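**Q** give me a 3D structure for the following:
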Amino acid sequence: MSGWLGKLFGIKTAVQMGRKNPAMLATIEKSSLIYNQIPLREFVDEASRQKLSRQLYLDINEICNSTNSVTACREKLSLTMLDFALYQVLVIPPVTEDDASGLRGQPGISGELQEHVFSLASKNDDLCTELRDLEVPMTPDAVWNFVQESYWTKYWILETINAARIELGDWDEEEDWYKPFMHAACANREHIYRRDLALSSCFEQGVADVAPTAYSIFTDIVLSGAANPAREWREYYKDSDIPYPRFDT
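**A** All right, here's what the predicted structure looks like:
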C-alpha cells in the first residue's frame, strides 16, 4: 500500500492524512487492492491511471473530511452508480457465458445488450455524447474498447466510494442496500437502451410500464437519507407487483 500511495501522493502526506482520518486511509488502501484485481491497466496508460488516481483520492478526501461524510458519500455514490450503469448492462455476457456481476436474470436485466453495443453508439444520446466528446472512432472495435475501458474505470471509482461508505458505517449487516441499488440503476438503464433499440421490455407485461420509474426512485431514496434505502423502497412498493432482486451475497 505504501508504495502505491507514495507514488501517487507522497507517503508522508498520505500517512498524515490517514492519522487524521482513519476512514480515508482505509478506503485508499481498499482502492489500491481493487485496482490490482481488475484489468483496467489493459485499457489505460500510466499517465491516465495517475490522473484517475489523483482525482479519486481528492473525491475520497472530500467525502471523508466533509461535515456530513455519510451524505457526501451517498451523493457521490449515486452519481457514480448512474454513470456505472451506462456500461455495466453493456458488458454483461449472454447466458452462454458466466456472469460475474450476478445481475443477469434479475428483474429487467437480460444480458442481451452486448451484441447491440455498436448500434447503441449511434442511437443512445448518452453514449453518443461520450463518444463524440472523447473523439472515439466509430468502428465496432473502437467502441467496444471504449465501453470496456469506461466500465472498468467506473467500476474502480464506484467500488472505492462504496468502500468509503462501509468505512463510514453507512451499511446494514443483515441486508445491505448496495447491490439492490446497483440493480435498480442497471434495470432502469437497460430499459432506456431497449427503448432506443426498439426491443421489447425485459419486464413482465403487467409491470413493464411502471417498473422503470419505480426503480429510478431508488436513487431518490438513497439521497433522502433513509437508513436502509432497500427496505424503504420495498415498503413503498409493497402493494405492487414490481419484482425485487434477490442476491445470494
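
**Q** settle this for me: residue 69 is touching residue 168, isn't it.
**A** Yes. Contact status for residue 69 versus residue 168: in contact at 5.3 Å, counting by Cβ atoms under 8 Å. C-beta: built from backbone N, CA, C; applies to glycine.

**Q** residues shared between the contacts of the two?
**A** 23, 63 (Cβ atoms under 8 Å, 6 or more residues apart in numbering).

**Q** flag the shaky bits of this structure, pLDDT-wise.
**A** 1-19, 249 (pLDDT under 70).

**Q** top helix in it by residue count?
**A** The residue-count maximum for a helix in the chain (DSSP state H) belongs to helix 140-167.

**Q** can I get the helix or strand just after that helix as CSV, trimmed to CA atoms?
**A** Scanning forward in sequence from helix 140-167 by DSSP states H and E, the next helix or strand is helix 178-197. C-alpha atoms of helix 178-197 as CSV (Å, rounded to 0.1, in the frame of the first residue of the first chain):
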residue,chain,number,x,y,z
TYR,A,178,-25.7,-1.5,-2.3
LYS,A,179,-26.5,-4.4,-4.6
PRO,A,180,-30.2,-3.6,-4.8
PHE,A,181,-29.2,0.0,-5.7
MET,A,182,-27.0,-1.3,-8.4
HIS,A,183,-29.7,-3.5,-9.7
ALA,A,184,-32.2,-0.6,-9.8
ALA,A,185,-29.8,1.7,-11.7
CYS,A,186,-29.0,-1.1,-14.2
ALA,A,187,-32.6,-2.2,-14.7
ASN,A,188,-33.6,1.3,-15.5
ARG,A,189,-30.6,1.8,-17.8
GLU,A,190,-31.4,-1.4,-19.7
HIS,A,191,-35.0,-0.2,-20.1
ILE,A,192,-33.7,3.0,-21.7
TYR,A,193,-31.3,1.1,-24.1
ARG,A,194,-34.1,-1.3,-25.1
ARG,A,195,-36.3,1.6,-25.9
ASP,A,196,-33.6,3.1,-28.0
LEU,A,197,-33.2,-0.2,-29.9
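
**Q** can you check what angle separates helix 178-197 from helix 140-167?
**A** Orientation of helix 178-197 against helix 140-167 (axes from the mean of the first three to the mean of the last three Cα atoms, to 10 degrees) gives an angle of 150 degrees.

**Q** who are the packing partners of helix 178-197?
**A** helix 69-91, helix 117-123, helix 211-224, helix 229-236 (3 or more Cβ pairs under 8 Å, 6 or more residues apart in numbering; DSSP states H and E).

**Q** quick one: residue 121 and residue 144 touch, right?
**A** No. Using Cβ under 8 Å as the test, residue 121 is too far from residue 144 to be in contact (9.3 Å).

**Q** name the residue in these two with the higher neighbour count.
**A** A count of neighbours by other Cβ atoms under 10 Å puts residue 121 above the other of residue 121 and residue 144, at 21 against 16.

**Q** leaving out sequence neighbours, find the closest residue to the more buried one.
**A** residue 143 (4.8 Å; Cβ to Cβ, 6 or more residues apart in numbering).

**Q** for the nearest residue to residue 214 once chain neighbours are set aside, which three-state class applies?
**A** Nearest non-adjacent residue to residue 214, counting by Cβ to Cβ, 6+ apart: residue 242, 5.0 Å away. At residue 242 the chain is in coil, as set by DSSP: H, G, I helix; E, B strand; the rest coil.

**Q** again with the one 3 residues further on
**A** Secondary structure, three-state DSSP: residue 245 is coil.

**Q** who's in contact with it?
**A** Neighbours of residue 245 in contact, by Cβ under 8 Å, 6+ apart: 106, 107, 179, 180, 183.

**Q** swap in residue 178?
**A** 162, 165, 171.
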